[in-house]
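1. predicted model follows, preceded by the sequence.
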Amino acid sequence: MDGFFNDGIVDSSKFELLNQNAEHLKCDLIAVKEKVMYANTKGDLNEKIKELKNICSKMDIKCDFSSEVDFEIVKGIVESKCEELMNSNIEEKLNNKYKTDILKRLNQQGNKKESLLTNDLLLCRGIKKDEVSIYTVKLDGDLLVKRQEYRDIIYYEKIDKLFNIKDKNYSKNLATGKCSICENGESLATTSNATNLEFKFYMTDKIGFSSNLDGAFTKNYNICKECYQYLMIAENFIDNNLSTRIGGLKIYIIPHFIFKVDELNLKKFSESINDSTNSINNLESLKDFKSELERFREYESNKNNFVVNYLCYHKSKSEFKVLKLIKDIPPSRLEFISSKIQEICNFVSANSNLTPHANPILIHP
């Protein structure tokens, strides 16, 4: 944790956000410079100047242009300013902006709301501040999370109490029978309560979806204690290892094996799948993917053949909404797209003084 602080201040350079924002600003500067070159009227030029000022404000830089100067001279000044900023250390400027903002808030009279860094991090992840909760509690110098008593309490709150017949809040969801997931047992204790699951597998808030309209859901989809625990672990793993973003869309990457896999390093496999997906979303990731390609290819053998599904979704505290499911994408297709993107970027680099856009899918017009 100490690595994220510098002189007691959060160090924004430790976050991927800094490099991402710097790359986006550089691409915006390239786009503005190009548009200024083809501006024919004072109105067009003023629009580009507004865009440049907006970019400068994001780096906490003052940017003023006199409207009394000759049109062509102003164009030259704007182009020079874009070039100057493109060649500057944008990461350092952003880092200083975040640091200055945090220092101001530390003053007794400073703004106590979320810092610019916090807001940008939340925006980058597409989440709201009330969706984030991070607590680290110590008792007598020891982290509570390392104590067995604490772990027992968490396990009870998350799983055990759902299967406690004496708990009035959850006993109505209990049933005896076969688990809908593992299909084990005929007299197994199961629950239809999905309170502690992030992914909503079925409706439990509308009586019309319950069997016989009884509102209990005990005959719809029942989960035993062991499977419930595995589901929670799987959700956490998916969120951390099989999720990404393409543009403004949140994506879950769902691999499907065509043949049975005897041995599989799931962590290693998920990293490879994520690398291959990000390679078609971002040029920097494409570079990284080249070094990961051999590791990825081992999963394309005939024995371990698979396809990839992409689930576009929107998630809030109360719902999980599927926006689009893109099915059965062969891994070789991702590599093909990556190679074509690389060919285009090489062509642009060879025929233009402009740096290729960091996100070729969302290139500026």
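-> Cool, got the structure.
2. quick one: low-confidence parts of the stretch 101-250 of the chain?
-> 108-112, 125-126, 133-136, 201, 214-215, 247 (pLDDT under 70).
3. all strands of it, in order?
-> 138-139, 142-143, 174-177, 188-191, 223-224, 243-246, 249-257 (DSSP state E, counting those that start in this stretch).
4. quick check: the closest residue to residue 222 other than its chain neighbours vs residue 213, distance?
-> Spatial nearest neighbour of residue 222, chain neighbours left out: residue 190 (3.5 Å); criterion: Cβ to Cβ, 6 or more residues apart in numbering. To be clear about C-beta, it is placed using only N, CA and C from the backbone, and glycine gets the same treatment. According to Cβ to Cβ, to the nearest Å, residue 190 stands 20 Å off from residue 213.
5. nearest to residue 55, of the strands of the stretch 101-250 of the chain?
-> Across these, residue 55 has its closest neighbour in strand 243-246 (22.4 Å, Cβ to Cβ).
6. pairing partners for that closest one, with directions?
-> The sheet places strand 243-246 alongside strand 249-257 (antiparallel), with pairing taken from DSSP bridges.
7. in the partner strand, what counts as buried?
-> 250, 251, 252, 253, 254, 255 (16 or more other Cβ atoms under 10 Å).
8. unless I'm mixing things up, residue 163 is touching residue 188, no?
-> No. Residue 163 sits out of contact with residue 188 when judged by Cβ atoms under 8 Å, with a separation of 10.3 Å.
9. my read is residue 29 is in a helix, agree?
-> Yes. Residue 29 forms part of a helix when assessed by DSSP: H, G, I helix; E, B strand; the rest coil.
10. list the contacts of it.
-> 52, 55, 82, 85, 86 (Cβ atoms under 8 Å, 6 or more residues apart in numbering).
11. how many residues are close by residue 185?
-> 13 (other Cβ atoms under 10 Å).
12. how about it, what does it touch?
-> For residue 185, the contacting residues are 177, 178, 179, 224, by Cβ under 8 Å, 6+ apart.
13. rerun that using 10 Å as the cut-off
-> Contacts for residue 185 (Cβ atoms under 10 Å, 6 or more residues apart in numbering) come out as 176, 177, 178, 179, 224.
14. beta partners of the nearest residue to the fourth one once chain neighbours are set aside?
-> This points to residue 179. With sequence-adjacent residues excluded and distances taken as Cβ to Cβ, 6+ apart, residue 179 is closest to residue 224, at 3.9 Å. Beta-bridge partners for residue 224, by DSSP bridges, are residue 190.
15. thought residue 224 was touching residue 180?
-> Yes. Using Cβ atoms under 10 Å, residue 224 is in contact with residue 180, at 8.8 Å.
16. what pairs with residue 252 across the strands?
-> In beta-bridge terms (that is, DSSP bridges), residue 252 pairs with residue 243, residue 311.
17. list the residues that contact it.
-> Per Cβ under 10 Å, 6+ apart, neighbours of residue 252: 199, 238-239, 242-244, 309-313, 315, 322, 325.
18. which one of the residues you listed is nearest residue 22?
-> Nearest member of the contacts of residue 252 to residue 22, counting by Cβ to Cβ, is residue 244, at 20.3 Å.
19. you'd agree the closest one is up against residue 251?
-> Yes. Between residue 244 and residue 251 there is a contact under Cβ under 10 Å: 5.1 Å.
20. now do the SS call for residue 327.
-> Strictly by three-state DSSP, residue 327 counts as strand.
21. for residue 255, see how far away it is.
-> From residue 327 to residue 255 the distance is 12 Å (Cβ to Cβ).
22. who touches both of the two?
-> 307, 308, 309.
23. just the buried members of these?
-> By 16+ other Cβ under 10 Å, the shared contacts of residue 327 and residue 255 give residue 308 as buried.
24. in the stretch 101-250 of the chain, which spans are helices?
-> Remark: helices assigned in the stretch 101-250 of the chain by DSSP state H, counting those that start in this stretch are 116-125, 148-158, 225-241.
25. next, the angle from the last one to helix 148-158.
-> In other words, helix 225-241. 100 degrees (axes from the mean of the first three to the mean of the last three Cα atoms, to 10 degrees).
26. can you list contacts of helix 225-241?
-> Here helix 225-241 has contacts from 155, 158-160, 162-163, 179-184, 188-191, 193-194, 196-199, 201, 223-224, 242, 252-254, 266-267, 269-271, 273-274, 311, 315, using Cβ under 10 Å, 6+ apart.
27. one step back: in strands, which of the shared contacts of residue 327 and residue 255 fall?
-> 307, 308, 309 (DSSP state E).
28. so which of those comes closest to residue 99?
-> Nearest to residue 99 among these, with distances taken as Cβ to Cβ, is residue 308, at 40.6 Å.
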